[in-house]
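Student: Please work out how this folds:
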Amino acid sequence: MKSVDLRVDAQWIVPVEPAGTLTGHALIVDGGRIAALLPAADADAAYAPRERLVLGSHVLIPGLVNAHTHSAMSLLRGIADDVPLKPWLEQHIWPREGRFVSPEFVFDGTLLAAAEMLRGGVTCCNDMYFYPEAAARAYEIAGMRALIGAPVLEFPTPYAADADAYLTRGLAARDAFKHVPQLTFALAPHAPYTVGDATWAKIVMYARQLDLPIETHLAETQHEVDTARADTGRSPLARLDRLGATGPGFIAIHAVHVDAADIGMLATQGCHVVHCPASNMKLASGIAPVSALLAAGVNVALGTDGAASNNRLDLFAEMHLASLLAKVATGDAAAVPAATALAMATRNGARALGLDATIGSLTPGKDADVVAVDLGGIATQPVFDAISHLVNVAGRSCVTDVWVRGVRMVENRQLKTLDEHALLARVRMWQHKLADTPH
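Tutor: Numbering: from 1, shown residues only. Here you go, the predicted model:
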(Lines give C-alpha, C1' and ligand atoms only; values in the text may rest on other atoms or scores of the structure.)
Protein backbone atom coordinates (compact mmCIF):
# COMPACT_ATOMS: atom_id res chain seq x y z
CA MET A 1 0.00 0.00 0.00
CA LYS A 2 1.14 3.52 -0.74
CA SER A 3 1.61 5.83 2.23
CA VAL A 4 -0.26 9.15 1.91
CA ASP A 5 -0.97 12.12 4.15
CA LEU A 6 -4.74 12.06 4.48
CA ARG A 7 -7.83 10.04 3.69
CA VAL A 8 -11.31 11.52 4.11
CA ASP A 9 -14.42 9.35 3.94
CA ALA A 10 -17.75 11.20 3.77
CA GLN A 11 -21.31 10.11 3.15
CA TRP A 12 -21.37 12.06 -0.11
CA ILE A 13 -18.63 13.52 -2.30
CA VAL A 14 -19.51 16.08 -4.97
CA PRO A 15 -16.56 16.40 -7.36
CA VAL A 16 -18.48 19.04 -9.43
CA GLU A 17 -16.46 17.98 -12.45
CA PRO A 18 -17.64 15.49 -13.55
CA ALA A 19 -21.09 16.30 -12.22
CA GLY A 20 -22.86 14.06 -9.80
CA THR A 21 -22.67 12.75 -6.25
CA LEU A 22 -20.42 9.88 -5.20
CA THR A 23 -21.26 7.63 -2.25
CA GLY A 24 -19.02 5.06 -0.63
CA HIS A 25 -15.91 6.86 -1.87
CA ALA A 26 -12.76 8.19 -0.23
CA LEU A 27 -10.71 11.29 -1.01
CA ILE A 28 -6.96 10.72 -0.83
CA VAL A 29 -4.59 13.67 -0.28
CA ASP A 30 -0.82 13.58 -0.53
CA GLY A 31 1.66 16.45 -0.65
CA GLY A 32 -1.15 19.01 -0.68
CA ARG A 33 -2.77 17.57 -3.79
CA ILE A 34 -5.65 15.22 -4.46
CA ALA A 35 -4.05 11.86 -5.17
CA ALA A 36 -7.22 9.88 -5.81
CA LEU A 37 -10.99 9.80 -5.51
CA LEU A 38 -12.05 6.17 -5.46
CA PRO A 39 -14.40 3.63 -3.88
CA ALA A 40 -13.65 3.08 -0.21
CA ALA A 41 -12.92 -0.61 -0.73
CA ASP A 42 -10.28 0.22 -3.32
CA ALA A 43 -8.80 2.85 -1.02
CA ASP A 44 -8.47 0.24 1.74
CA ALA A 45 -6.34 -1.90 -0.53
CA ALA A 46 -4.27 0.85 -2.16
CA TYR A 47 -3.47 3.49 0.49
CA ALA A 48 -2.15 3.66 4.05
CA PRO A 49 -2.97 7.19 5.25
CA ARG A 50 -1.12 8.89 8.09
CA GLU A 51 -4.49 10.42 9.05
CA ARG A 52 -7.97 9.12 8.31
CA LEU A 53 -11.11 11.16 8.89
CA VAL A 54 -14.55 9.53 8.70
CA LEU A 55 -17.43 11.99 8.30
CA GLY A 56 -20.58 9.92 8.34
CA SER A 57 -23.13 12.70 7.79
CA HIS A 58 -21.06 15.05 5.64
CA VAL A 59 -20.67 15.95 2.00
CA LEU A 60 -17.24 16.90 0.61
CA ILE A 61 -17.11 19.66 -1.99
CA PRO A 62 -14.37 21.73 -3.62
CA GLY A 63 -13.42 24.89 -1.75
CA LEU A 64 -15.79 27.72 -2.62
CA VAL A 65 -14.43 30.60 -4.70
CA ASN A 66 -15.58 34.13 -3.85
CA ALA A 67 -14.84 35.67 -7.23
CA HIS A 68 -15.29 39.29 -6.14
CA THR A 69 -14.88 41.02 -2.82
CA HIS A 70 -13.28 44.00 -1.10
CA SER A 71 -12.05 42.14 1.94
CA ALA A 72 -10.78 45.06 4.01
CA MET A 73 -14.23 46.64 3.86
CA SER A 74 -15.33 44.03 6.39
CA LEU A 75 -14.44 46.72 8.93
CA LEU A 76 -17.25 48.81 7.39
CA ARG A 77 -19.86 46.06 7.68
CA GLY A 78 -23.33 47.56 8.18
CA ILE A 79 -22.08 51.13 8.58
CA ALA A 80 -24.56 52.57 6.05
CA ASP A 81 -27.39 50.22 5.16
CA ASP A 82 -30.54 50.89 3.13
CA VAL A 83 -28.87 53.63 1.05
CA PRO A 84 -28.66 53.77 -2.79
CA LEU A 85 -25.25 53.22 -4.38
CA LYS A 86 -24.27 56.80 -5.21
CA PRO A 87 -25.02 58.41 -1.81
CA TRP A 88 -23.76 55.24 -0.10
CA LEU A 89 -20.36 55.78 -1.71
CA GLU A 90 -20.15 59.56 -1.66
CA GLN A 91 -21.63 60.27 1.77
CA HIS A 92 -20.68 57.25 3.84
CA ILE A 93 -17.92 55.08 2.39
CA TRP A 94 -15.49 57.42 0.63
CA PRO A 95 -15.23 59.92 3.53
CA ARG A 96 -14.33 57.14 5.95
CA GLU A 97 -11.93 55.54 3.51
CA GLY A 98 -10.24 58.89 2.95
CA ARG A 99 -9.67 59.28 6.67
CA PHE A 100 -8.86 55.76 7.82
CA VAL A 101 -7.70 53.49 5.00
CA SER A 102 -4.09 52.54 5.61
CA PRO A 103 -1.92 49.41 5.51
CA GLU A 104 -3.01 48.68 9.07
CA PHE A 105 -6.72 49.05 8.19
CA VAL A 106 -6.34 46.78 5.16
CA PHE A 107 -4.35 44.15 7.05
CA ASP A 108 -6.84 43.92 9.93
CA GLY A 109 -9.90 44.07 7.68
CA THR A 110 -8.51 41.39 5.37
CA LEU A 111 -7.74 39.10 8.30
CA LEU A 112 -11.32 39.53 9.51
CA ALA A 113 -12.63 38.69 6.04
CA ALA A 114 -10.33 35.70 5.67
CA ALA A 115 -11.51 34.34 9.02
CA GLU A 116 -15.15 34.73 8.01
CA MET A 117 -14.65 33.20 4.58
CA LEU A 118 -12.61 30.22 5.75
CA ARG A 119 -15.19 29.34 8.40
CA GLY A 120 -17.84 29.54 5.66
CA GLY A 121 -16.04 27.18 3.28
CA VAL A 122 -14.50 29.85 1.04
CA THR A 123 -10.92 28.79 0.31
CA CYS A 124 -10.16 31.32 -2.44
CA CYS A 125 -11.23 34.89 -3.14
CA ASN A 126 -10.68 37.62 -5.67
CA ASP A 127 -9.89 40.74 -3.65
CA MET A 128 -9.80 44.31 -4.97
CA TYR A 129 -8.76 47.09 -2.62
CA PHE A 130 -6.12 49.63 -1.68
CA TYR A 131 -2.75 48.58 -0.22
CA PRO A 132 -2.71 45.14 -1.86
CA GLU A 133 0.62 44.38 -0.20
CA ALA A 134 -1.10 44.55 3.22
CA ALA A 135 -3.86 42.25 1.97
CA ALA A 136 -1.27 39.82 0.61
CA ARG A 137 0.45 39.68 3.99
CA ALA A 138 -2.88 38.94 5.69
CA TYR A 139 -3.73 36.11 3.27
CA GLU A 140 -0.25 34.65 3.66
CA ILE A 141 -0.69 34.54 7.45
CA ALA A 142 -4.24 33.15 7.24
CA GLY A 143 -3.20 30.50 4.72
CA MET A 144 -6.03 31.40 2.37
CA ARG A 145 -5.78 31.46 -1.42
CA ALA A 146 -6.38 34.81 -3.15
CA LEU A 147 -6.18 36.60 -6.46
CA ILE A 148 -5.31 40.14 -5.45
CA GLY A 149 -6.37 42.98 -7.74
CA ALA A 150 -4.09 46.00 -7.91
CA PRO A 151 -6.52 48.96 -7.92
CA VAL A 152 -6.30 51.74 -10.49
CA LEU A 153 -8.10 55.11 -10.38
CA GLU A 154 -7.50 58.48 -11.97
CA PHE A 155 -8.06 60.53 -8.82
CA PRO A 156 -5.83 60.72 -5.73
CA THR A 157 -6.41 58.80 -2.51
CA PRO A 158 -4.17 58.27 0.51
CA TYR A 159 -2.86 55.20 -1.34
CA ALA A 160 -1.72 56.85 -4.59
CA ALA A 161 -1.66 60.24 -6.29
CA ASP A 162 -2.54 59.30 -9.88
CA ALA A 163 -3.06 56.37 -12.21
CA ASP A 164 0.66 55.83 -12.83
CA ALA A 165 1.29 55.69 -9.08
CA TYR A 166 -1.48 53.11 -8.64
CA LEU A 167 0.06 50.93 -11.34
CA THR A 168 3.56 51.27 -9.93
CA ARG A 169 2.49 50.37 -6.40
CA GLY A 170 0.31 47.49 -7.54
CA LEU A 171 3.03 45.93 -9.64
CA ALA A 172 5.48 46.35 -6.76
CA ALA A 173 3.10 44.40 -4.50
CA ARG A 174 2.95 41.64 -7.09
CA ASP A 175 6.73 41.46 -7.26
CA ALA A 176 7.02 41.34 -3.47
CA PHE A 177 4.60 38.42 -3.03
CA LYS A 178 4.86 36.44 -6.26
CA HIS A 179 6.81 33.76 -4.36
CA VAL A 180 3.80 32.93 -2.13
CA PRO A 181 2.22 29.88 -3.77
CA GLN A 182 -1.41 30.60 -2.86
CA LEU A 183 -1.33 34.22 -4.12
CA THR A 184 -1.79 35.51 -7.66
CA PHE A 185 -2.35 39.04 -8.93
CA ALA A 186 -4.49 40.99 -11.39
CA LEU A 187 -4.84 44.57 -12.59
CA ALA A 188 -8.03 46.05 -11.20
CA PRO A 189 -9.14 49.35 -12.74
CA HIS A 190 -12.13 50.36 -10.65
CA ALA A 191 -14.61 50.93 -13.48
CA PRO A 192 -14.84 52.34 -17.01
CA TYR A 193 -16.21 55.62 -15.63
CA THR A 194 -13.34 56.16 -13.18
CA VAL A 195 -10.47 55.31 -15.55
CA GLY A 196 -9.73 57.16 -18.80
CA ASP A 197 -8.76 55.77 -22.18
CA ALA A 198 -5.05 56.54 -21.85
CA THR A 199 -4.83 54.67 -18.56
CA TRP A 200 -6.83 51.77 -19.92
CA ALA A 201 -4.28 51.53 -22.76
CA LYS A 202 -1.47 51.24 -20.20
CA ILE A 203 -3.40 48.63 -18.24
CA VAL A 204 -3.91 46.54 -21.36
CA MET A 205 -0.20 46.84 -22.21
CA TYR A 206 0.93 45.69 -18.76
CA ALA A 207 -1.64 42.88 -18.68
CA ARG A 208 -0.45 41.50 -22.00
CA GLN A 209 3.25 41.85 -21.17
CA LEU A 210 2.97 40.30 -17.70
CA ASP A 211 0.14 37.83 -18.45
CA LEU A 212 -2.12 39.34 -15.80
CA PRO A 213 -5.93 39.25 -15.75
CA ILE A 214 -7.91 42.51 -15.89
CA GLU A 215 -10.91 42.86 -13.60
CA THR A 216 -13.30 45.79 -13.35
CA HIS A 217 -16.78 46.75 -12.15
CA LEU A 218 -18.92 46.86 -15.28
CA ALA A 219 -22.49 47.98 -15.99
CA GLU A 220 -23.46 47.80 -12.33
CA THR A 221 -26.20 50.44 -12.67
CA GLN A 222 -28.41 51.65 -15.49
CA HIS A 223 -27.18 55.19 -14.84
CA GLU A 224 -23.63 54.09 -15.59
CA VAL A 225 -24.65 52.60 -18.93
CA ASP A 226 -26.85 55.53 -19.93
CA THR A 227 -24.10 58.03 -19.14
CA ALA A 228 -21.52 56.03 -21.07
CA ARG A 229 -23.73 55.86 -24.14
CA ALA A 230 -24.43 59.58 -23.95
CA ASP A 231 -20.74 60.44 -23.59
CA THR A 232 -19.14 57.90 -25.97
CA GLY A 233 -21.94 56.47 -28.08
CA ARG A 234 -21.03 53.00 -26.82
CA SER A 235 -21.83 50.74 -23.94
CA PRO A 236 -19.10 50.55 -21.28
CA LEU A 237 -18.16 47.08 -22.50
CA ALA A 238 -17.99 48.14 -26.15
CA ARG A 239 -15.64 50.96 -25.18
CA LEU A 240 -13.34 48.59 -23.32
CA ASP A 241 -13.44 46.13 -26.21
CA ARG A 242 -12.37 48.93 -28.57
CA LEU A 243 -9.46 49.64 -26.22
CA GLY A 244 -8.35 46.00 -26.33
CA ALA A 245 -9.23 45.10 -22.74
CA THR A 246 -11.54 42.17 -23.42
CA GLY A 247 -10.46 38.57 -23.88
CA PRO A 248 -10.04 35.37 -21.84
CA GLY A 249 -8.25 37.34 -19.11
CA PHE A 250 -11.05 39.89 -18.68
CA ILE A 251 -13.31 39.63 -15.61
CA ALA A 252 -16.48 41.74 -15.73
CA ILE A 253 -17.84 42.25 -12.22
CA HIS A 254 -21.63 42.67 -11.81
CA ALA A 255 -22.63 43.03 -15.50
CA VAL A 256 -26.17 43.78 -14.39
CA HIS A 257 -27.15 46.03 -17.30
CA VAL A 258 -25.64 44.29 -20.32
CA ASP A 259 -27.71 43.93 -23.49
CA ALA A 260 -27.72 41.23 -26.16
CA ALA A 261 -24.83 42.84 -28.03
CA ASP A 262 -22.76 42.99 -24.85
CA ILE A 263 -23.53 39.38 -24.02
CA GLY A 264 -22.49 38.32 -27.51
CA MET A 265 -19.25 40.26 -27.12
CA LEU A 266 -18.50 38.67 -23.75
CA ALA A 267 -19.09 35.22 -25.23
CA THR A 268 -17.09 35.82 -28.40
CA GLN A 269 -14.12 37.23 -26.49
CA GLY A 270 -14.14 34.44 -23.89
CA CYS A 271 -14.63 36.88 -21.00
CA HIS A 272 -15.85 36.03 -17.51
CA VAL A 273 -18.67 37.57 -15.47
CA VAL A 274 -18.91 37.65 -11.69
CA HIS A 275 -22.50 37.74 -10.46
CA CYS A 276 -23.00 39.37 -7.03
CA PRO A 277 -26.71 38.85 -6.33
CA ALA A 278 -26.94 39.97 -2.69
CA SER A 279 -25.02 43.20 -3.20
CA ASN A 280 -26.95 44.02 -6.37
CA MET A 281 -30.25 43.47 -4.57
CA LYS A 282 -29.27 45.45 -1.48
CA LEU A 283 -28.12 48.47 -3.50
CA ALA A 284 -31.13 48.14 -5.84
CA SER A 285 -28.82 47.83 -8.84
CA GLY A 286 -30.99 45.26 -10.62
CA ILE A 287 -30.91 41.59 -11.60
CA ALA A 288 -28.12 40.43 -13.89
CA PRO A 289 -29.22 38.38 -16.95
CA VAL A 290 -27.46 35.25 -15.70
CA SER A 291 -29.56 32.78 -17.68
CA ALA A 292 -28.86 34.63 -20.93
CA LEU A 293 -25.16 34.83 -20.14
CA LEU A 294 -24.94 31.11 -19.42
CA ALA A 295 -26.99 30.26 -22.51
CA ALA A 296 -24.54 32.28 -24.62
CA GLY A 297 -21.63 30.31 -23.21
CA VAL A 298 -20.25 33.00 -20.91
CA ASN A 299 -18.48 31.69 -17.83
CA VAL A 300 -20.38 33.10 -14.83
CA ALA A 301 -18.89 32.95 -11.32
CA LEU A 302 -20.25 34.14 -7.97
CA GLY A 303 -19.03 36.88 -5.67
CA THR A 304 -20.21 38.57 -2.51
CA ASP A 305 -18.79 42.05 -3.12
CA GLY A 306 -17.59 43.68 0.10
CA ALA A 307 -19.16 43.29 3.51
CA ALA A 308 -20.02 47.00 3.45
CA SER A 309 -22.49 46.48 0.60
CA ASN A 310 -23.51 42.89 1.33
CA ASN A 311 -22.88 42.52 5.08
CA ARG A 312 -21.75 38.89 4.78
CA LEU A 313 -19.10 37.07 2.78
CA ASP A 314 -21.29 33.99 2.37
CA LEU A 315 -21.12 31.90 -0.80
CA PHE A 316 -23.87 29.55 0.38
CA ALA A 317 -26.23 32.54 0.48
CA GLU A 318 -25.03 33.71 -2.96
CA MET A 319 -25.65 30.28 -4.49
CA HIS A 320 -29.18 30.25 -3.10
CA LEU A 321 -29.96 33.80 -4.25
CA ALA A 322 -28.44 33.26 -7.71
CA SER A 323 -30.64 30.25 -8.30
CA LEU A 324 -33.82 31.92 -7.01
CA LEU A 325 -33.26 35.21 -8.84
CA ALA A 326 -32.75 33.45 -12.16
CA LYS A 327 -36.05 31.63 -11.73
CA VAL A 328 -37.91 34.83 -10.87
CA ALA A 329 -36.29 36.85 -13.66
CA THR A 330 -37.05 34.28 -16.37
CA GLY A 331 -40.27 32.70 -15.10
CA ASP A 332 -38.54 29.34 -15.50
CA ALA A 333 -38.24 27.13 -12.40
CA ALA A 334 -35.49 25.16 -14.14
CA ALA A 335 -33.27 28.21 -14.65
CA VAL A 336 -29.93 27.93 -12.81
CA PRO A 337 -30.56 24.62 -11.08
CA ALA A 338 -28.64 23.69 -7.95
CA ALA A 339 -25.82 21.94 -9.79
CA THR A 340 -25.24 25.05 -11.92
CA ALA A 341 -25.24 27.33 -8.87
CA LEU A 342 -22.69 25.07 -7.16
CA ALA A 343 -20.53 25.10 -10.28
CA MET A 344 -20.69 28.91 -10.34
CA ALA A 345 -19.33 28.96 -6.77
CA THR A 346 -16.54 26.45 -7.47
CA ARG A 347 -15.42 25.45 -10.96
CA ASN A 348 -16.60 28.62 -12.71
CA GLY A 349 -14.98 30.84 -10.10
CA ALA A 350 -11.68 29.01 -10.47
CA ARG A 351 -11.88 29.39 -14.25
CA ALA A 352 -12.63 33.12 -14.02
CA LEU A 353 -9.56 33.62 -11.83
CA GLY A 354 -7.34 31.57 -14.14
CA LEU A 355 -6.96 28.87 -11.48
CA ASP A 356 -9.04 26.06 -12.95
CA ALA A 357 -5.96 23.89 -13.56
CA THR A 358 -5.28 24.04 -9.81
CA ILE A 359 -8.63 24.26 -7.97
CA GLY A 360 -12.40 24.25 -8.56
CA SER A 361 -13.11 20.51 -8.59
CA LEU A 362 -12.11 17.42 -6.63
CA THR A 363 -9.93 16.05 -9.40
CA PRO A 364 -6.74 14.03 -8.93
CA GLY A 365 -3.73 16.25 -9.53
CA LYS A 366 -5.45 19.43 -8.36
CA ASP A 367 -4.65 21.10 -5.05
CA ALA A 368 -6.61 19.77 -2.09
CA ASP A 369 -8.87 22.75 -1.42
CA VAL A 370 -11.70 20.82 0.21
CA VAL A 371 -14.71 21.65 2.38
CA ALA A 372 -16.72 19.29 4.60
CA VAL A 373 -20.38 20.23 5.08
CA ASP A 374 -22.45 18.47 7.74
CA LEU A 375 -25.95 17.59 6.55
CA GLY A 376 -26.77 15.50 9.61
CA GLY A 377 -28.65 18.10 11.63
CA ILE A 378 -32.37 18.47 12.22
CA ALA A 379 -32.67 21.39 9.77
CA THR A 380 -30.97 19.47 6.95
CA GLN A 381 -32.66 16.07 7.22
CA PRO A 382 -33.77 14.08 5.33
CA VAL A 383 -31.39 14.32 2.35
CA PHE A 384 -32.70 13.11 -0.99
CA ASP A 385 -30.31 15.16 -3.18
CA ALA A 386 -27.05 16.35 -1.63
CA ILE A 387 -26.40 18.93 -4.35
CA SER A 388 -29.85 20.46 -3.96
CA HIS A 389 -29.33 20.54 -0.21
CA LEU A 390 -26.06 22.44 -0.56
CA VAL A 391 -27.82 25.24 -2.45
CA ASN A 392 -31.33 25.22 -1.00
CA VAL A 393 -31.02 23.93 2.57
CA ALA A 394 -27.52 24.05 4.03
CA GLY A 395 -25.74 27.22 5.07
CA ARG A 396 -22.22 28.19 6.01
CA SER A 397 -22.94 27.17 9.62
CA CYS A 398 -22.91 23.58 8.35
CA VAL A 399 -19.23 23.82 7.38
CA THR A 400 -17.11 21.86 9.85
CA ASP A 401 -13.70 21.37 8.23
CA VAL A 402 -11.74 23.20 5.54
CA TRP A 403 -8.45 22.40 3.84
CA VAL A 404 -6.35 24.65 1.58
CA ARG A 405 -3.58 22.92 -0.34
CA GLY A 406 -4.08 19.94 1.95
CA VAL A 407 -3.56 21.93 5.16
CA ARG A 408 -6.49 22.05 7.55
CA MET A 409 -7.58 25.65 8.05
CA VAL A 410 -10.77 24.85 9.99
CA GLU A 411 -11.16 21.85 12.27
CA ASN A 412 -14.54 21.10 13.82
CA ARG A 413 -15.65 24.69 13.12
CA GLN A 414 -12.55 26.24 14.75
CA LEU A 415 -9.95 28.29 12.90
CA LYS A 416 -6.48 26.78 13.02
CA THR A 417 -4.35 29.65 11.70
CA LEU A 418 -5.83 32.77 13.30
CA ASP A 419 -6.34 33.93 16.89
CA GLU A 420 -10.01 34.90 16.94
CA HIS A 421 -9.84 36.71 20.29
CA ALA A 422 -6.93 38.92 19.24
CA LEU A 423 -8.60 39.61 15.91
CA LEU A 424 -11.88 40.62 17.52
CA ALA A 425 -10.04 43.02 19.83
CA ARG A 426 -8.54 44.75 16.77
CA VAL A 427 -11.97 44.91 15.12
CA ARG A 428 -13.51 46.58 18.17
CA MET A 429 -10.79 49.22 18.07
CA TRP A 430 -11.65 50.01 14.44
CA GLN A 431 -15.36 50.05 15.22
CA HIS A 432 -14.89 52.83 17.78
CA LYS A 433 -12.83 54.89 15.34
CA LEU A 434 -15.19 54.47 12.40
CA ALA A 435 -18.36 55.07 14.41
CA ASP A 436 -17.07 58.45 15.58
CA THR A 437 -16.44 59.66 12.03
CA PRO A 438 -18.75 62.50 10.86
CA HIS A 439 -20.31 62.09 7.44
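Student: bridging residues for the residue nearest the centre of the chain?
Tutor: Centroid-nearest residue in the chain: N66, 1.6 Å away (criterion: Cα atoms, centre = their mean). Beta bridges link N66 to C125, judged by DSSP bridges.
Student: Test for you: state the pLDDT assigned to it.
Tutor: Note for N66: predicted pLDDT of 99.
Student: Then T437?
Tutor: So, for T437, pLDDT stands at 62.
Student: helix or strand for I61, which one?
Tutor: strand 47-62 (DSSP states H and E).
Student: For the stretch 301-439 of the chain, which segments count as strands?
Tutor: 370-374, 399-404, 407-411, 414-415 (DSSP state E, counting those that start in this stretch).
Student: Serialize those strands to a markdown table and add fields for mean pLDDT and distance to A198.
Tutor: All C-beta spots, glycine's among them, are computed from the backbone N, C-alpha and C. Output for those, formatted as a markdown table (pLDDT from 0 to 100; distance: least, Cβ to Cβ, whole Å):
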| stretch | mean pLDDT | distance to A198 |
| --- | --- | --- |
| strand 370-374 | 98 | 44 |
| strand 399-404 | 98 | 40 |
| strand 407-411 | 98 | 43 |
| strand 414-415 | 98 | 45 |
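Student: Mean neighbour count and distance to Q431 added to these, as JSON lines?
Tutor: Converted to JSON lines, the strands of the stretch 301-439 of the chain look like this (neighbours: other Cβ atoms under 10 Å; distance: least, Cβ to Cβ, whole Å):
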{"stretch": "strand 370-374", "mean neighbour count": "25", "distance to Q431": "30"}
{"stretch": "strand 399-404", "mean neighbour count": "24", "distance to Q431": "26"}
{"stretch": "strand 407-411", "mean neighbour count": "19", "distance to Q431": "25"}
{"stretch": "strand 414-415", "mean neighbour count": "14", "distance to Q431": "20"}
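Student: that older thread, quick one: mean pLDDT for the strand holding I61?
Tutor: pLDDT averaged over strand 47-62 gives 98.
Student: List the strands paired with it, with their directions.
Tutor: strand 2-13 (parallel), strand 370-374 (antiparallel).
Student: before we move on, back to that, right, and the residue nearest to the centre of the chain touches L313 too?
Tutor: Yes: here N66 lies in contact with L313, judged by Cβ atoms under 8 Å, at a distance of 6.3 Å.
Student: got any residues that touch both of these two?
Tutor: Shared contacts of N66 and L313, defined by Cβ atoms under 8 Å, 6 or more residues apart in numbering, are found at M117, V122, C125, T304.
Student: Which of those residues fall in helices?
Tutor: When those are checked against helices (DSSP state H), the matches are M117.
Student: Closest one to T246 out of the shared contacts of N66 and L313, please.
Tutor: Nearest to T246 among these: C125, at 23.3 Å, using Cβ to Cβ.
Student: quick one: low-confidence parts of the stretch 301-439 of the chain?
Tutor: Residues of the stretch 301-439 of the chain meeting the criterion pLDDT under 70: 437-439.
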